[in-house]
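1. generate coordinates for the sequence data below:
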Amino acid sequence: MKNILITGSNGQLGSEIKDRSANYPQFNFFFTDIDELDLTDREAVMHFFKQNNINACINCAAYTAVDKAEDDRELALLVNSEAVKILSQVCSEHDAFLVHISTDYVFDGRNYKPYNETDPPSPDSYYGLTKLKGEEAVFAFCNKAVIVRTSWLYSAYGNNFVKTMIRLGREKEAIGVVADQVGTPTYAGDLARALLEIISKYDGAVVNEIYHFSNEGAISWYDFAKTIMQEANLNCKVNPIESKDFQAKANRPFYSVLNKAKIKNDFKIEIPYWLDSLKYVIKKLTP
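-> Just a heads-up that it's a prediction; the model follows:
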C-alpha cells in the first residue's frame with residue numbers, strides 16, 4: 001500500500017481530496033496542514049517522510065491572498081517558493097512522486113486564446129511571481145514531479161467567490177462585479193478527482209510535466225456572479241464594472257482560460273462544464 005501525503009488539507013482542495021480518498025483504498029493517506037507539518041521546516045519535513053515512508057505527495061498548501069501578497073512579500077515567497085523547494089528536495093531524496101498545484105496567475109492574461117502548458121509564463125502580480133518560482137523549484141529539485149495549474153477555484157469548503165457571492169446576495173440589493181476579466185471557474189472537487197487519477201496512474205517513471213486543469217467553458221466574473229445569484233434564487237442585482245474601478249492592489253489576468261487537451265489526453269479525464277459543477281455546489285450550499 002502506498003503512503004500519500006496531502007499538504008494544505010484543511011483548504012478547499014485538500015478537503016475535497018479528503019472526501020474522495022475512500023474511493024482509493026490502495027492508498028494510505030496522511031492529511032496535514034500547518035499545525036501538523038510546517039513545510040518551511042526542512043527537518044520536520046524530512047522526519048515526516050522518513051517516519052511515514054511517504055511514496056507520493058499532493059501539495060495543496062499555498063499562500064493565496066493575491067492582494068495581501070503585494071505587501072506581505074516575505075511570507076508569500078516563503079510559502080509559495082521556499083517551502084516548495086524544501087518539499088521538492090525531500091521528495092527527491094525519498095524517491096517520492098510530487099504533484100504540485102499552481103495557478104493561471106503565472107500568465108499576464110494578455111493572451112487571445114486559451115493558454116497551453118508551453119506558453120511562456122509572465123506573471124503580473126507578486127503572488128503570480130511566487131507561484132512561478134515555486135514551479136521552477138519543483139523542476140530544479142525533483143525529477144518525479146507533475147505541476148497542475150488551475151484557475152478560479154471554489155467549493156463548499158473554505159473562502160471563495162461562490163460563497164462570497166451567496167453571502168452578499170443575501171445581504172445586499174445590488175453589487176458591482178468586474179466584467180472585463182475572463183476565465184474558467186473550477187470546482188475543487190473536479191480538480192481533486194483529477195489529481196487522484198494522476199496519482200493512481202503514476203508508474204514510478206522519471207517525469208517533469210505541466211498540466212492545465214479547470215472546468216470546461218469560459219465566462220467573465222460578472223456573468224459568473226449573475227449565474228450564482230440565479231442558481232441560488234437570490235434577488236441581488238449584479239452590475240458590471242471595469243477592473244480599473246475595482247481598485248485591487250494586485251493586477252489580475254484579463255484572460256486566463258486554460259487549454260486542457262493535454263491532461264484529458266494523457267489521463268483520459270472527462271472534465272465537467274463549469275455550470276454543471278456550479279449547480280452541484282450551490283445545491284450543497286443552499287439546501
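2. only alpha carbons, please: show the longest helix anywhere in the chain as PDB.
-> Using DSSP state H to define each element, the chain has its longest helix at helix 126-141. Presented in PDB, the C-alpha positions along helix 126-141 are these (Å, rounded to 0.1, in the frame of the first residue of the first chain):
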ATOM      1  CA  TYR A 126       3.700  39.300  -6.800                       C
ATOM      2  CA  TYR A 127       1.500  36.300  -6.000                       C
ATOM      3  CA  GLY A 128       1.900  35.000  -9.600                       C
ATOM      4  CA  LEU A 129       5.700  35.500  -9.400                       C
ATOM      5  CA  THR A 130       5.900  33.500  -6.100                       C
ATOM      6  CA  LYS A 131       3.900  30.700  -7.700                       C
ATOM      7  CA  LEU A 132       6.200  30.700 -10.800                       C
ATOM      8  CA  LYS A 133       9.200  30.500  -8.500                       C
ATOM      9  CA  GLY A 134       7.500  27.500  -6.800                       C
ATOM     10  CA  GLU A 135       7.100  25.800 -10.200                       C
ATOM     11  CA  GLU A 136      10.800  26.400 -11.000                       C
ATOM     12  CA  ALA A 137      11.800  24.900  -7.600                       C
ATOM     13  CA  VAL A 138       9.800  21.800  -8.300                       C
ATOM     14  CA  PHE A 139      11.600  21.000 -11.600                       C
ATOM     15  CA  ALA A 140      15.000  22.100 -10.300                       C
ATOM     16  CA  PHE A 141      15.000  19.700  -7.300                       C
END
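3. surely residue 8 meets residue 31?
-> No. If you go by Cβ atoms under 8 Å, residue 8 and residue 31 don't touch, sitting 9.5 Å apart. Where you see a C-beta, it was placed from the backbone N, CA and C, and this is true even at glycine.
4. list residues touching both of those two?
-> Common contacts of residue 8 and residue 31 (Cβ atoms under 8 Å, 6 or more residues apart in numbering): residue 14.
5. all helices of the stretch 51-200 of the chain, in order?
-> Secondary structure of the stretch 51-200 of the chain (DSSP state H, counting those that start in this stretch): helices at 73-77, 83-93, 126-141, 161-171, 188-201.
6. of residue 8 and residue 31, give the one with the bigger neighbour count.
-> Using other Cβ atoms under 10 Å, the more surrounded residue of residue 8 and residue 31 is residue 8, with 24 against 19.
7. now the strand or helix carrying residue 44: mean pLDDT?
-> Taking DSSP states H and E as the criterion, residue 44 maps to helix 42-52. Throughout helix 42-52, pLDDT has a mean value of 98.
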